[in-house]
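K.L.:
following is a predicted model, sequence given first.
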Amino acid sequence: MPPLFAGIEAGGTKFVCAVGSGPQDMRAQTTILTTSPTETMSQVIEFLHVQESQHGRLSAIGVAAFGPLDPNLASPTYGYITSTPKPGWGNFNFVGYLKQHFEIPISFDTDVNGAALGEWRWGAAQGLHTFIYITIGTGLGGGAMVNGRLLHGLVHPEMGHMLLPHDRQADPFPGWCPYHGDCFEGLAAGPAMQKRWGQRAETLPDDHPGWELEAHYLALGVANLTCAFSPQRFILGGGVMQRALLFPLVRSKVQQILNGYVQSPQILHEIDQFIVPPALGGRAGVIGAIALAEQALEGH
Ligand code: ADP
Ligand code: ZN
């Protein structure tokens, strides 16, 4: 019997919880609305207890959560959601709450680091040691594996808040990030498209100029991160990337921006394998949480 893991993908609007040993062996899954911590977490605990009674004891729990959060084991606030504006969740001790109910290893990381680990374990980043996963959805964020380990550093990366060149004549939209206005997320997450063009991104036709502009910002972000981290691959996921035409646009713009400087066949000739969609699709988040649980058991 393989060990049984629980994965909790904790999002701002909903939690997805699953129990299994990997994508080929998912025993149960449920979706719980994100309301108050006590209401949402008690439903999570109840779901996990029911699963244990049906499938046997859990070996570890992985949490891939919205942030900002504290993933550093040595910190006194390890396992907390920290400065989120989401009512009730600021300074919530997520891992502490779970530990009251389960005395098993618990791994706690960002949603995007979780998704990156899931893609590394079972998806589009298998065999790589350094790569970046970016989600472009309601928010925009990135997770990174560097030399075989998920990157945390001081707190955790905030790739969505990088500052990009913004030509206000070509694009007068001021951006919507409450902290920075026209940072990467402020210019390029789904709500930026909606606010700039007055309609949801999924309703913009393929020939709308918004896609060219969106690809421009995504390519600037990818080019900057290429220069900073030298990743072997980018995985671009999230709702906005469901518009498949973005992939060829982003790829060619990345090549134009880098302008032949980074001498790698992956960029110069094999860009189709350098910038790819997630192999786990919409399941990347919760499967990533399962991968975090597996890693917790292995004691990484
Ligand atoms: P979340 O980030 O909340 O988990 P998603 O990753 O689904 O959710 O992202 C939601 C965002 O993606 C919204 O801004 C929405 O307008 C946009 N979106 C969803 N589907 C599409 C689509 N097919 N094409 C372009 N944008 C889309
Ligand atoms: Zn910002």
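P.N.:
Sure, I can see it. The structure displayed is predicted, hence computed values, not measured ones. Ligands and ions are numbered 1, 2, ... in the order given.
K.L.:
only C-alpha atoms for contact and neighbour calcs from this point on.
P.N.:
Noted.
K.L.:
domains in this protein, as residue ranges please.
P.N.:
5-110, 124-277 (automatic domain parsing).
K.L.:
looking at those domains, which is closest to ligand 1?
P.N.:
Taking C-alpha to the nearest ligand atom, domain 124-277 is the member of these nearest to ligand 1, at 3.2 Å.
K.L.:
chain center to the closest one: distance?
P.N.:
12 Å (C-alpha atoms, centre = their mean, to the nearest Å).
K.L.:
any part of it near ligand 1?
P.N.:
Yes: using C-alpha under 6 Å from any ligand atom, domain 124-277 reaches ligand 1 at 137-139, 190-191, 200-202, 238-240, 242-243.
K.L.:
ends of that domain, how far apart?
P.N.:
Terminal residues of domain 124-277 are spaced 8 Å apart (C-alpha to C-alpha, to the nearest Å).
K.L.:
are any of the residues of domain 124-277 next to ligand 1 buried, and if so which?
P.N.:
If you count burial by 16 or more other C-alpha atoms under 10 Å, the buried members of those come out as Gly137, Thr138, Gly139, Gly190, Pro191, Ala201, Gly238, Gly239, Val240, Gln242.
K.L.:
looking at those residues, which is nearest ligand 2?
P.N.:
Ranked by distance to ligand 2 (C-alpha to the ion), these are led by Gly139 at 9.9 Å.
K.L.:
how much space between that closest one and Leu258?
P.N.:
26 Å.
K.L.:
try Gly210
P.N.:
22 Å.
K.L.:
just Leu204 next, same as before
P.N.:
Taken as C-alpha to C-alpha, the span from Leu204 to Leu258 is 29 Å.
K.L.:
Thr30: what secondary structure?
P.N.:
Secondary structure, DSSP: H, G, I helix; E, B strand; the rest coil: Thr30 is strand.
K.L.:
tell me the SS of the residue nearest to it when sequence neighbours are not counted?
P.N.:
Spatial nearest neighbour of Thr30, excluding adjacent residues (C-alpha to C-alpha, 6 or more residues apart in numbering): Cys17 at 5.4 Å. Following three-state DSSP, we place Cys17 in the strand state.
K.L.:
burial measure for Cys17, as a count.
P.N.:
By other C-alpha atoms under 10 Å, 25 other residues sit near Cys17.
K.L.:
from what I see, it and Gly7 are in contact.
P.N.:
Yes: using C-alpha atoms under 8 Å, Cys17 makes contact with Gly7 at a distance of 5.6 Å.
K.L.:
overlap in contacts, these two.
P.N.:
Common contacts of Cys17 and Gly7, defined by C-alpha atoms under 8 Å, 6 or more residues apart in numbering, comprise Val286.
K.L.:
residues in contact with Ala219?
P.N.:
Val250, Arg251, Lys253, Val254, Ile257.
K.L.:
mind listing what's buried along whichever strand or helix holds it?
P.N.:
Assessed by DSSP states H and E, Ala219 sits inside helix 209-229. Of all the residues in helix 209-229, those buried under the rule 16+ other C-alpha under 10 Å are 210-226.
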